[in-house]
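> structure for the following, please:
(4 chains)
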2 protein chains.
Amino acid sequence: MNAAGPAGRADRRRNRQRLLEAAEAVIERDGAQASLEEIARRAGVGSATLHRHFPSRHDLLNAVFHEGVERLGRRARELADSTAPCDALAMWLEELTTYTTTTRGLATALLSTPDGAIAAEDSCHGLLHHAAARLVADAEEAGVLRTEVTVHDLMALANAISLASDGDPDSAHRLLRLALGGVLKSSPAEHPPLSRAARNAP
Amino acid sequence: MNAAGPAGRADRRRNRQRLLEAAEAVIERDGAQASLEEIARRAGVGSATLHRHFPSRHDLLNAVFHEGVERLGRRARELADSTAPCDALAMWLEELTTYTTTTRGLATALLSTPDGAIAAEDSCHGLLHHAAARLVADAEEAGVLRTEVTVHDLMALANAISLASDGDPDSAHRLLRLALGGVLKSSPAEHPPLSRAARNAP
DNA sequence: CTACGATATGGGGGGCTCCTCCGTTTGTCC
DNA sequence: GGACAAACGGAGGAGCCCCCCATATCGTAG
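Residues are numbered from 1 along each chain as shown, chains lettered A, B, ... in the order given. Below you'll find the predicted structure:
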C-alpha cells in the first residue's frame, strides 16, 4: 500500500513528496485536469512512478488536498462545539466554499465521485461529508433547517456553487448566502407538484 | 461565416447537419468533453471538416444545443406574458434545470464562458441570459425577489445545481426549490460581514 | 564491508486525442 | 461543358495517458 507511513523505502517516500509538491504547483495553475506527465516531469520522476504512487487522477487529487480538507474537518468540530448550530453551519459552509473556490480543481475533484465507488471514508469527499454531517445534525435538532435537507444536498450545493463561481470567493459567498437565505421572499405560490407540465415542456 | 443559411454550397450544409447529428449522439453518451475525432468519424467526414465548421469545441456545443435553448427562450417570453412574476420565474428555472441536467454536457458548456470573451449575444449563454433577464426584471418589479439578486447570480446558481446533480432532474429540482425557498428557516443570525474571520480561517 | 533479494524506477511504445497543412475533389455559375 | 472558388480528407506533428520490463537502488543479513 501507499500508506506513506514511515514504512517502505526512503526513496519511495521522497518521490511521493516530490510528486505532491509538483502536483500542487501544476494543479494550482491548470486546475483539476492538469497534465500528469508534466507533474511527473516537474517532480523529476518518470511517469510510471507517478502512476505507481497514484493509480488514478482522483487518488492524486485526494492526496494533494488531504491536508486542507482535514483542517476543515477539525474546524467543523471546533465550530460545532463553540457556536450556535445555525451559525456554525453557515460559517463552516462559508469557509468550505472559500477553500474550494480558491483551490483550483478541488471542487471539480470533489464533485465527481471516485467513479462508481461510494466515497471512501478517508477520501476528501468522505472527510468533508463526515464533517458536515455533524453540523447538519445539530442544526436539524435545533430546528433551524428548513425541510428535509440532507447532508448530501448541502454538500452538493456548496460544491456546485464553488464550481460555478470559478475562482471568485466573493461571488461564491454571495451565492451561498443567497441559497441559505432563499432567493424568493415567499415560497413560490405553493405551486403543486407541477412535475408533469414542467418536465415535458422544454 | 458558418451561418448555415441557405447560402453557400450544398455539401457544406449537408456536412454541417451530419456533424450536428453525430455530435448530439456522442455528446449524449460522453458529455461535454466527447471526442471530436469520433464525432467526425461518425459523421463520415474528416476531422479537418469538423474544425472548419466549428473552430472550437465551444462552437460545436453552442450549435448542438442551440435549438433547445431557443425553445427555452420562447418559453420564458410565454411565461412572462401569462403568469405571475414569481411563479413565472420559478417555473422557468425549473424547466431550465430540467433541460440542463438531462442534457449531458450543456451545463458544463454554459458554465465556462467562450474563454475570455463576453458571452456572444447568440450563444447559448447569451440567449439564456437574455431570457432570464426579462423574468428577473418582472419579479424584481413585483417585489418578490429577496435582495439584490442579479440575473447572473441566478443563472450561475441554476447551472451549478444542474452540474451538481449530475443527470438526475429530481435531485436538481430539490436543490433548486431549496435554493429558492432558502435552506435555513431564519437568516443566519445576521452575522456581520464576517469576511475577515471566515476568509482566513481554513 | 559486502553481497543479495526485494523494491522501486524510468524510458519507450501503443493507442488515443487535437489541430493544421496542402494536394485533391466537388459544386456552381457562366 | 469548362473554369474557378470553395470545401474536403488524410497525413502528420505534438501531447497525453497508461503499461511493460530491463535496470538501478535500498536495506539488511551475513
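
> and for the residue nearest to residue A:49 when sequence neighbours are not counted, the neighbour number?
Leaving aside its sequence neighbours, residue A:49 sits nearest to residue A:15 (CB to CB, 6 or more residues apart in numbering or on different chains; 5.9 Å). C-betas here are computed from N, CA, C, even on glycine. Residues near residue A:15, counting by other CB atoms under 10 Å in any protein chain shown, number 20.

> how much space separates residue A:15 from residue A:53?
7 Å (CB to CB, to the nearest Å).

> re earlier: secondary structure element for the residue nearest to residue A:49, which one?
Here residue A:15, judged by DSSP states H and E, is contained in helix A:10-30.

> right, and residue A:40 touches residue A:53 too?
No - with contact defined as CB atoms under 8 Å, residue A:40 does not count as touching residue A:53 (9.8 Å).

> lowest-confidence helix or strand of chain A?
Ranking every helix and strand in chain A by mean pLDDT, DSSP states H and E puts helix A:195-200 at the bottom, with a mean of 41.

> which parts of stretch A:136-154 are buried?
For stretch A:136-154, the neighbour count (16 or more other CB atoms under 10 Å in any protein chain shown) marks A:136, A:138, A:139, A:140, A:144, A:145, A:149, A:151, A:153, A:154 as buried.

> in TSV: these, plus distance to residue B:77.
Below are those laid out as TSV (distance: CB to CB, whole Å):
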residue	distance to residue B:77
A:136	40
A:138	45
A:139	40
A:140	41
A:144	39
A:145	37
A:149	34
A:151	39
A:153	32
A:154	35
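
> what's the closest of those to residue A:94?
Nearest to residue A:94 among those is residue A:154, at 12.4 Å by CB to CB.

> what's downstream of the helix or strand containing the closest one, the next helix or strand?
Element membership of residue A:154, judged by DSSP H and E, is helix A:151-165. Downstream of helix A:151-165, the first helix or strand assigned by DSSP H and E is helix A:169-181.

> please report phi then psi for whatever residue of chain A ends up closest to DNA strand C.
Closest contact between chain A and DNA strand C, by CB to the nearest atom of the strand, is at residue A:46 (2.4 Å). Main-chain dihedrals, residue A:46, degrees, to the nearest 10: phi -80, psi 160.

> pLDDT below threshold where in chain A?
A:1-6, A:111-119, A:147, A:182-202 (pLDDT under 70).

> I figured residue A:38 hits residue A:27, correct?
No - assessed by CB under 8 Å, residue A:38 is found out of contact with residue A:27, at 10.4 Å.

> okay, the two: which has more neighbours?
Counted by other CB under 10 Å, residue A:38 and residue A:27 do not tie: residue A:27 has more neighbours, with 22 against 16.

> for the more buried one, which residues are in contact?
Residue A:27 is in contact with A:34, A:61, A:64, A:104, A:105, counting by CB atoms under 8 Å, 6 or more residues apart in numbering or on different chains.

> residue A:62 now?
Counting by CB under 8 Å, 6+ apart, residue A:62 makes contact with A:109, A:123, A:124.

> what about those residues, which are in helices?
When the contacts of residue A:62 are checked against helices (DSSP state H), the matches are A:109, A:124.

> just the buried ones from the contacts of residue A:62, in PyMOL syntax?
Command for PyMOL that selects the buried part of the contacts of residue A:62, burial taken from 16+ other CB under 10 Å:
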select buried, chain A and resi 109+123+124
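
> which one of the contacts of residue A:62 is nearest residue A:166?
Ranked by distance to residue A:166 (CB to CB), those are led by residue A:109 at 14.9 Å.

> excluding its backbone neighbours, what's nearest the closest one?
Leaving aside its chain neighbours, residue A:109 sits nearest to residue A:61 (4.1 Å; criterion: CB to CB, 6+ apart).

> show me what from chain A comes close to DNA strand C.
A:8-9, A:11-12, A:15, A:44-49, A:52-53 (CB under 7 Å from any atom of the strand).

> and the angle for the longest helix anywhere in chain A with helix A:10-30?
If you go by DSSP H, chain A has its longest helix at helix A:57-82. Calculated by axes from the mean of the first three to the mean of the last three CA atoms, to 10 degrees, helix A:57-82 forms an angle of 80 degrees with helix A:10-30.

> start and end of stretch A:43-58, how far apart?
By CA to CA, to the nearest Å, the extent of stretch A:43-58 from end to end equals 18 Å.

> just the buried positions in that stretch, please.
By 16+ other CB under 10 Å, the buried positions in stretch A:43-58 come out as A:43, A:45, A:49, A:50, A:53, A:54, A:57, A:58.

> returning to what we had before: not counting its neighbours along the chain, what's nearest the residue of chain A closest to DNA strand C?
Closest residue to residue A:46 apart from its sequence neighbours, by CB to CB, 6+ apart: residue A:40 at 6.4 Å.

> what is the helix or strand the one you found falls within packed up against?
Using DSSP H and E, residue A:40 maps to helix A:36-43. Counting contacts by 3 or more CB pairs under 8 Å, 6 or more residues apart in numbering or on different chains; DSSP states H and E, helix A:36-43 is packed against helix A:10-30, helix A:47-53, helix A:57-82.

> quick one: the ones you listed as CSV, columns for distance to residue A:89 too.
Listed next are the helices and strands packed on helix A:36-43 as CSV, based on distance: least, CB to CB, whole Å:
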stretch, distance to residue A:89
helix A:10-30, 29
helix A:47-53, 36
helix A:57-82, 8
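
> for residue B:128, which of the ones you listed is the nearest?
That would be helix A:10-30 among the helices and strands packed on helix A:36-43, by CB to CB, at 28.2 Å.

> quick test: name the residue nearest the centre of chain A.
The centroid of chain A falls nearest to residue A:110 when counting by CA atoms, centre = their mean (4.4 Å).

> is it true that it touches residue A:100?
Yes - using CB under 8 Å, residue A:110 makes contact with residue A:100 at a distance of 6.9 Å.
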